[in-house]
Structure formats: structure tokens, C-alpha cells
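Undergrad: sequence first, then the predicted structure:
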Amino acid sequence: MEKSRREFLRDIAFYSSATYLATLGIQSFSTREAQASSTGKIDIGECKSVKIKAVSELGWWDNKTLIHDIMDHGGIHKSQWEIPWTPKNAAGSCSLIEVTALDGKKTRILIDTGWNLDWMRKRFKEEGIDRMLREHKIDYLYITHEHLDHYWGLEATLENDPTINMLIPSTFYPEGLHFLQGAQYLLPHAKNLIPYKGKLAQMKPGKIHKLAPGVASVTFDFPIIVRIKGEQSLFFNVKDKGIVIVTGCCHRGILNLAEFASKTFKNGDTLYGIYGGLHIDPFEKWTPKAQKVVKDLGKYNFKKIAANHCTGHKAIHQMIALGYPVVRGSGKHGSKSKEYVGNGDTVVF
């Protein structure tokens, strides 16, 4: 029997609560909130450098297949858990960040965990991520949002380290939380048979969560296609350089995110770099709106733009044509172009 709206909302409240997490055997931990500086902007401290490796920036292989999967099974408002996705089209988005503090201490953060398990296992082995996980050398698994190409490869991470500290938006739906415990959803071909046994932080919107000196996370609460709610991004304050933004897909809009960083953080008047999917032209449908976003991005004067994943090739071409400081890649390990940071490539801020 289909649940009533009241029952559905009741279940969401329960699944999102500490009570439900306790039934899963998942411990929770808290992050520190950053404090405002004398200027009224948030001071997150400083770090020495940020090194990022693109483990896999290919969320999926073919745009047409992905679009057909969505539109043939209910459209963009259908839950991702209720769509029979084409398994052979799955790849996944995942990157490894290594932050070096001013005292030399390193913090490693795995950003997202991909989609296709076989693909992610292959990429983890090729880049040594599986070994690092087994040796507990990665401090956090940071899930930017609940989308399948960022989250459904969870088993590939947990089979190497089921106790890794994990940070997710507090806006996850019940299905996403249940996936942590070990679950298989047959229709959408989503599988995680490794129960999560670590400490979980559900990052609430409207707060600046400080993870380490010069490192902060911010969660934004808004609706995204195929019934996703909320996305979080990382911000780094690199000494003598400025703010670096790291995003999974930037569904909120790169201009909005850049404006938020410039107005919110101490040293935000200097935006040093950006890494990740900018969601400007993810399905290669070049439009005047996308062209305007690329043009307007120039006013923030980024010194390094390492855009990939859902940014769109045409958007990258336009950035290069405008003379933006686009970080190039090698085109190896399944990457489709040398014009951007691809699989296995590294950028240092």
C-alpha cells in the first residue's frame, strides 16, 4: 500500500534522527563551527597547500543514455532510487584531497565515492586509494550529495575501510541513509553490502563546519533533479594565496558559490582557485545561459580553474578561449580530453 504524505514525513523524521542511526549501529560525531573575524567574515584559519587528485571525474559514459534513463522513467522529479539506470553507463565521481597544515600535518579527504563498483575498484587500485583506505591513511569520506554517480559506489570504499569517518549533508533521504547500513536496491542497480561501522557527521545547512585549520565545509539546502536535496562544498584558505573552492557538482551554481565565498570568508576577496564539477553544461546542450555563466565567472579572477566532471567540454573550450587559467590534464585512464584535469591527474593549490 502506498504511504500517505503524513506517514512519509514521519518516516523521514525518524530516518534522519539519532534514534534511527543508533538502530543502524552508526556512531555520530560533531564538527566545530568556525568563528567570525574582526571584519565580520568567518575566519577558518590557514593551511599551507591543497593537493587534489582526480581519481575518477567521469560520472557516466554517455549523455544520451543517462537522459533517456531519466526521461523514459518519470522525468527529473522521479526519485533516483526508482529509475532502472543502465549499468554499463555508470562510472563515478571521486577525488582525493591532501591538505598540508602550516605545521606540516596532513589531512586527507576522499571526496565522493563514485557509482560503478567495478570501475571504482579499478581506479582505486590504479591510484593506490584502496591501500590508503586499508591502512587508514584517509581521514574522511566526504559525500557532497546523494546523487548516484557520487554515492552509489560506497561499497568500493567501505570494503577497504568500513569505519572511515564520514560526512554527509543532513538532507539525505531515507533510502540514502539506509544504504549506509548495507542494502541492495534491485530496480536502480544500487548495491552496498558492507554495513558502515564508523562515525557519521550529518552536516546541517546554515553553518560553517571547520574540519581542520584552513578547511571548512558548508551545506546548502535546495532541491536537485531526481529527488535529491542539498549539496555541500569545501572551502580552503591557503596562506598568502586565498580561498580555494572544491565542489562535487555545484548544482547551486558556480557564480552563487563564488559570491558566497567572497562575502563569507576572511580573505574571500581573493579567490585563488576552484576544483570540481561546475554544472555549467553537463549534457553538452550549449545555451546562451551557459555562455553567460562562463563569461561572468571571469569577474572573480580565479588564478587556477581545475574544472571537470559535469562542467561540460564546451564550457571548458569557452574558458580557454577567454584566456582563463584552466588547469590541463593528461587525457589518460579513460579521460576524454587533455583540456581539463582528468582521471589520475593532480592539481596543487
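TA: Everything's here; your move.

Undergrad: which residue packs closest to V246, ignoring adjacent ones?
TA: Once flanking residues are discounted, V246 sits nearest to L234: 4.3 Å by CB to CB, 6 or more residues apart in numbering. In this view, the C-beta of every residue, glycine as well, is placed from N, C-alpha and C.

Undergrad: strands along the stretch 101-250 of the chain, start to end?
TA: 106-111, 140-142, 165-169, 183-185, 190-192, 199-203, 208-212, 215-224, 228-238, 242-247 (DSSP state E, counting those that start in this stretch).

Undergrad: go through the ones you listed and pick out the most buried.
TA: strand 242-247 (a mean of 26; mean count of other CB atoms under 10 Å).

Undergrad: quick check: buried residues in the helix or strand that that strand is followed by?
TA: Elements were assigned by DSSP states H and E; along the chain past strand 242-247, the next helix or strand is helix 254-264. Using 16 or more other CB atoms under 10 Å as the test for burial, helix 254-264 gives I254, L255, L257, A258, F260, A261, S262, T264.

Undergrad: so what's the residue nearest to R134 when sequence neighbours are not counted up against?
TA: Leaving aside its sequence neighbours, R134 sits nearest to N160 (CB to CB, 6+ apart; 5.0 Å). Going by CB atoms under 8 Å, 6 or more residues apart in numbering, N160 touches F124, I129, D130, L133, R134.

Undergrad: still on that earlier bit, reformat the strands of the stretch 101-250 of the chain as CSV; add distance to K78 and mean pLDDT.
TA: Output for the strands of the stretch 101-250 of the chain, formatted as CSV (distance: least, CB to CB, whole Å; pLDDT from 0 to 100):
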stretch, distance to K78, mean pLDDT
strand 106-111, 26, 98
strand 140-142, 27, 98
strand 165-169, 20, 98
strand 183-185, 14, 96
strand 190-192, 15, 98
strand 199-203, 25, 97
strand 208-212, 31, 96
strand 215-224, 13, 98
strand 228-238, 11, 98
strand 242-247, 25, 98
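
Undergrad: which stretch among those strands comes nearest R32?
TA: Of all the strands of the stretch 101-250 of the chain, it is strand 208-212 that lies closest to R32, at 4.6 Å by CB to CB.

Undergrad: strands paired with that closest one, and their directions?
TA: strand 32-33 (antiparallel), strand 215-224 (antiparallel) (DSSP bridges).

Undergrad: of all those strands, which lies closest to A101?
TA: It is, among the strands paired with strand 208-212 and with distance given as CB to CB, strand 215-224, at 8.9 Å.

Undergrad: just want the angle from that closest one to strand 199-203.
TA: Orientation check (axes from the mean of the first three to the mean of the last three CA atoms, to 10 degrees): strand 215-224 against strand 199-203 gives 60 degrees.

Undergrad: output strand 215-224 as PDB, restricted to C-alpha atoms.
TA: Written as PDB, here are the backbone C-alpha positions of strand 215-224 (Å, rounded to 0.1, in the frame of the first residue of the first chain):
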ATOM      1  CA  VAL A 215      39.400  23.800   6.000                       C
ATOM      2  CA  ALA A 216      35.700  24.300   6.200                       C
ATOM      3  CA  SER A 217      32.500  22.700   4.900                       C
ATOM      4  CA  VAL A 218      29.200  24.400   4.100                       C
ATOM      5  CA  THR A 219      25.900  22.600   3.300                       C
ATOM      6  CA  PHE A 220      23.300  24.200   1.200                       C
ATOM      7  CA  ASP A 221      19.700  23.100   1.300                       C
ATOM      8  CA  PHE A 222      17.900  23.100  -2.000                       C
ATOM      9  CA  PRO A 223      16.200  20.600  -4.400                       C
ATOM     10  CA  ILE A 224      18.100  18.900  -7.200                       C
END
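
Undergrad: got the angle for that strand vs strand 106-111?
TA: Per the same axes, to 10 degrees, the angle that strand 215-224 makes with strand 106-111 is 10 degrees.

Undergrad: my read is K292 is in a helix, agree?
TA: Yes: looking at K292 with DSSP: H, G, I helix; E, B strand; the rest coil, it is inside a helix.

Undergrad: and it, how many neighbours does it have?
TA: Per other CB atoms under 10 Å, the neighbour tally for K292 reads 11.

Undergrad: kindly report the same for K51.
TA: 15.

Undergrad: that one: which element?
TA: Going by DSSP H and E, K51 is part of strand 49-56.

Undergrad: how near is M120 to K263?
TA: 36 Å (CB to CB, to the nearest Å).

Undergrad: is it correct that L110 is in contact with T157?
TA: Yes: L110 is within contact range of T157, at 6.8 Å (criterion: CB atoms under 8 Å).
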